[in-house]
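Engineer: A structural model of the following input is requested.
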Amino acid sequence: MASSGEEPRSGSPGQAGTGTELSPAGDAAHLDTGEDFEVLEEEEEEEEDLSELPPLEDVSRPPVPPREDAQPSEQGRGEAAEDPQEWLDVLGNGLLKKKTLVPGQGVDTHPNKGQNVTIRLKATREDGSVVEENPALTFTLGDCDVLQALDLCVQLLEMGETALIVSDAKYCYGAQGRSPDIPPNATLTLEVELLAAQDAPDLELLSGKEKIELANRKRERGNFFYQQADYVLAINSYDIALKVIGSSSKVDFSPEEEAELLDVKVKCLNNLAASQLKLDHYEAALKSCNLVLEHQPGNIKALFRKGKVLAQQGEYRDAIPILKAALKLEPSNKTIHAELSKLVKKHADQKNVETEMYRKMLGNPSAAGAPGKCKDKLPWSIPWKWLFGATAIALGGVALSVVIAARN
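Structural biologist: Have a look, this model is predicted:
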């Protein structure tokens, strides 16, 4: 099968890797591996013991003096603005904290979800090493385009405010980290300044190129979350990308742009189905696969995943021909071969169980032989036929006697 590009990889807080469809490595480089067929239950994450770390108040970060040109409002300030040394426990679990360094212009200048915000960002590890620095990072607030720590805290900033954010790995790069500079389960300190906030552009007025770029950015972010095993956020990003693609437009697109939008849509739907499978959302995954097959009936990934969904639901009779169709398109694919063989065996076992169940229901659990042989399966069927025939003849005789008596 032709490759659709490189595998998605982890990106920076503001970016999300490449613009490709999910393609696990191995013999079946473009389909899920055999191990992925059975969804593994994730172990509950244990909170990291932070008792040995220095108190957050002792974080060695020199205070930033207020700008002379800043004119903060005297009204509507939060407590953090009045006391720059006070930490705000954003989620109440101690894993995400915010401290104001330079007050902003008042609570009425908070950005709203859905707006495009621009921030200055500097991210450091606990040892002080800088892992990310961006003088003007722009993203859509609330769309999970960046680290969760940023998405959750930037909406609390006032315009012009500079804040320090200390985040557990859960809201940054998690257990995977980001090679090579961020190790697994790394706590990050983010220095953020809110520079601007404005409404997002109207999707109806986007050109074909702009819509394709926006949809690809959302899809790439979904790929990032998929690689982080955060399938809920991956689904969220793929859904946003599909909404961008499916939005109405007042601008005419070229045939090439229409074709490219369709290609992005198919990739999003395939990746969406993969994420939904990871969460055991079988009906939703089946719907996503069917939408792909409406556009591309021979899409091997969609056929393979649809077969997996039906198999997970115990519909082996329907899953087998779908996997056979995928195998016909790519006869050398070992993953499809393995899944098909497994399903054929499961289907045979299922039929044997059903046959035994029917035999017990008919009152002859110990009978041997093929179920199609009525003589072995239903030894009482012939006497009942004779009894029925004899009864019919007797009733006919009585009826005839009545008719003759009536005529006389």
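Engineer: where exactly do the helices run in this protein?
Structural biologist: In the chain, the segments counted as helices under DSSP state H are 79-82, 148-153, 208-227, 231-246, 255-278, 282-295, 300-312, 316-329, 334-361, 374-377, 381-407.
Engineer: Please identify the most buried of these.
Structural biologist: Mean neighbours per residue, mean count of other Cβ atoms under 10 Å, is largest over the helices of the chain for helix 300-312, with a mean of 25. (Glycine included, C-beta is placed from N, CA and C.)
Engineer: Could you list every helix and strand in contact with that helix?
Structural biologist: The contact analysis (3 or more Cβ pairs under 8 Å, 6 or more residues apart in numbering; DSSP states H and E) places helix 300-312 against helix 255-278, helix 282-295, helix 316-329, helix 334-361.
Engineer: and the closest residue to Lys170 other than its chain neighbours, what is it in contact with?
Structural biologist: Closest residue to Lys170 apart from its sequence neighbours, by Cβ to Cβ, 6 or more residues apart in numbering: Leu95 at 5.9 Å. Counting by Cβ atoms under 8 Å, 6 or more residues apart in numbering, Leu95 makes contact with 47, 167-168, 170-171.
Engineer: re the thing from before, with distance to Ala163 as added columns, please give the helices of the chain in JSON lines.
Structural biologist: Shown next, in JSON lines, are the helices of the chain (distance: least, Cβ to Cβ, whole Å):
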{"stretch": "helix 79-82", "distance to Ala163": "8"}
{"stretch": "helix 148-153", "distance to Ala163": "7"}
{"stretch": "helix 208-227", "distance to Ala163": "23"}
{"stretch": "helix 231-246", "distance to Ala163": "23"}
{"stretch": "helix 255-278", "distance to Ala163": "32"}
{"stretch": "helix 282-295", "distance to Ala163": "38"}
{"stretch": "helix 300-312", "distance to Ala163": "43"}
{"stretch": "helix 316-329", "distance to Ala163": "51"}
{"stretch": "helix 334-361", "distance to Ala163": "48"}
{"stretch": "helix 374-377", "distance to Ala163": "78"}
{"stretch": "helix 381-407", "distance to Ala163": "84"}
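Engineer: how about JSON lines for the contacts of Leu95, with pLDDT and neighbour count added?
Structural biologist: Putting those into JSON lines (pLDDT from 0 to 100; neighbours: other Cβ atoms under 10 Å) gives the following:
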{"residue": "Glu47", "pLDDT": "39", "neighbour count": "10"}
{"residue": "Ser167", "pLDDT": "97", "neighbour count": "25"}
{"residue": "Asp168", "pLDDT": "96", "neighbour count": "21"}
{"residue": "Lys170", "pLDDT": "93", "neighbour count": "20"}
{"residue": "Tyr171", "pLDDT": "94", "neighbour count": "21"}
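Engineer: which one among these gets closest to His347?
Structural biologist: His347 lies nearest to Lys170 out of the contacts of Leu95, by Cβ to Cβ, at 42.2 Å.
Engineer: ok, now how distant is that closest one from Val90?
Structural biologist: 12 Å (Cβ to Cβ, to the nearest Å).
Engineer: Likewise for Leu291?
Structural biologist: In terms of Cβ to Cβ, Leu291 sits 37 Å off from Val90.
Engineer: coming back round to it: quick one, phi psi at the residue nearest to Lys170?
Structural biologist: phi -100, psi -10 (degrees, to the nearest 10).
Engineer: follow-up on the earlier one: tell me, which of the helices and strands packed on helix 300-312 is the model least confident about?
Structural biologist: Comparing mean pLDDT across the helices and strands packed on helix 300-312, the weakest is helix 334-361, with a mean of 79.
Engineer: returning to that earlier point: got JSON lines for the contacts of Leu95, with distance to Glu158 too?
Structural biologist: Below are the contacts of Leu95 laid out as JSON lines (distance: Cβ to Cβ, whole Å):
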{"residue": "Glu47", "distance to Glu158": "31"}
{"residue": "Ser167", "distance to Glu158": "20"}
{"residue": "Asp168", "distance to Glu158": "24"}
{"residue": "Lys170", "distance to Glu158": "26"}
{"residue": "Tyr171", "distance to Glu158": "21"}
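Engineer: farthest pair in those residues?
Structural biologist: Greatest spatial distance among those (Cβ to Cβ): Glu47 and Ser167, at 13.7 Å.
Engineer: Distance check, Met357 against Lys351.
Structural biologist: Taking Cβ to Cβ, one finds Met357 at 11 Å from Lys351.
Engineer: Which pLDDT value belongs to the closest residue to Gln105 other than its chain neighbours?
Structural biologist: Of all residues not flanking Gln105 in the chain, Met159 sits nearest, at 4.8 Å (Cβ to Cβ, 6+ apart). The model reports Met159 with a pLDDT of 96.
Engineer: Sort out for me which of the contacts of Leu95 are in strands.
Structural biologist: Assigned to strands by DSSP state E, the following of the contacts of Leu95 qualify: Ser167.
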